[in-house]
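**Q** Sequence below, structure please.
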Amino acid sequence: MRRFIVLLLTISALPGVAAAQNTPMWELSTGYQYTRVSTGAAQNFADSITAPFNIPSVNVGRSLSINGGNIAIEENVNSWWGGVFDFSGTYATKHIDLSPPLVAAGLVPPGTSVQAIFRPTLYTFTGGPQFHYRRHPHFQPFARILLGAALSDLHPDDPTASALKLLAPDFRTARNSFAVIAGAGADYSWKHYLAFRVSADFLRTYLFDEHQGNLRITAGAVFKFGHK
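**A** Numbering: from 1, shown residues only. Now for the predicted structure:
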């Protein structure tokens, strides 16, 4: 009877032992990032400029797809959670047609094309806990909540920057704000030192005086170092 009890306890402990054996001390993840960013504040600002003159608004749009990269480093406390620092940088080029309001205002002749060019960037620096489920030898899901900062710059071209200074001298094209990232993903552990990761996150920022709820998707590789 005693041997039977010992056997049962040993079997029940095996998943925990396997999880511990699958737990690296450090994990470095890096890869591609896609972010869907809200631009409603920019559209509202454009509307506020043209509305008093009763001319067509500039079509900025209320969302923008930007692409870039992501890198994160995690120190695992035990088999099921660790502390992670996450950095991301994303970039885009946005062409905005200024012709309709300028033609309507009589500032340029009909048929003239006037474009404003922006090269917006978005950076995030966040950290917090990341929770893993390592019971399976290959498929290992995780969830996380990270806090930190977001920095964005619209990077307008020179003519557009000069026009903004004239029309809206108080408008700043570079902003920073508090940021919250909450999401989940999964690793496919290929080797003891290498896994492949996909994740989806909700990115909350307060850039340009707007509460922005943005979608962030990342995909890449995870490099593992040491063992707990």
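
**Q** Quick one: residues contacting R119.
**A** When the contact criterion is CB atoms under 8 Å, 6 or more residues apart in numbering, the partners of R119 are 91-94, 154-155. Glycine gets a C-beta too; all of them are placed from N, C-alpha and C.

**Q** Just the buried residues from these, in ChimeraX please.
**A** Per 16 or more other CB atoms under 10 Å, the buried members of the contacts of R119 correspond to this ChimeraX selection:
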select :92,94,154,155
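
**Q** Among the contacts of R119, which are located in helices?
**A** Judged by DSSP state H, helices contain none of the contacts of R119.

**Q** Could you list the paired strands of the longest strand along the chain along with their orientation?
**A** Taking DSSP state E as the criterion, the chain has its longest strand at strand 174-191. Strand 174-191 pairs in its sheet with strand 139-153 (antiparallel), strand 194-205 (antiparallel), by DSSP bridges.

**Q** Reformat the contacts of R119 as a markdown table; add pLDDT and distance to N22.
**A** Below are the contacts of R119 laid out as a markdown table (pLDDT from 0 to 100; distance: CB to CB, whole Å):
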| residue | pLDDT | distance to N22 |
| --- | --- | --- |
| Y91 | 96 | 36 |
| A92 | 96 | 38 |
| T93 | 96 | 42 |
| K94 | 95 | 44 |
| L154 | 93 | 44 |
| H155 | 95 | 44 |
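
**Q** thinking again about what came up before, tell me how confident the model is about the longest strand of the chain, as a mean pLDDT.
**A** Average pLDDT, strand 174-191: 96.

**Q** How about that strand, which residues are buried there?
**A** Neighbour-count burial for strand 174-191 flags 175, 177, 179-181, 183, 185-187, 189 (criterion: 16+ other CB under 10 Å).

**Q** hey, where'd the strands end up in this structure?
**A** Listed in chain order, the strands of the chain (DSSP E) span 26-38, 63-76, 81-91, 94-97, 115-118, 121-132, 139-153, 174-191, 194-205, 212-225.
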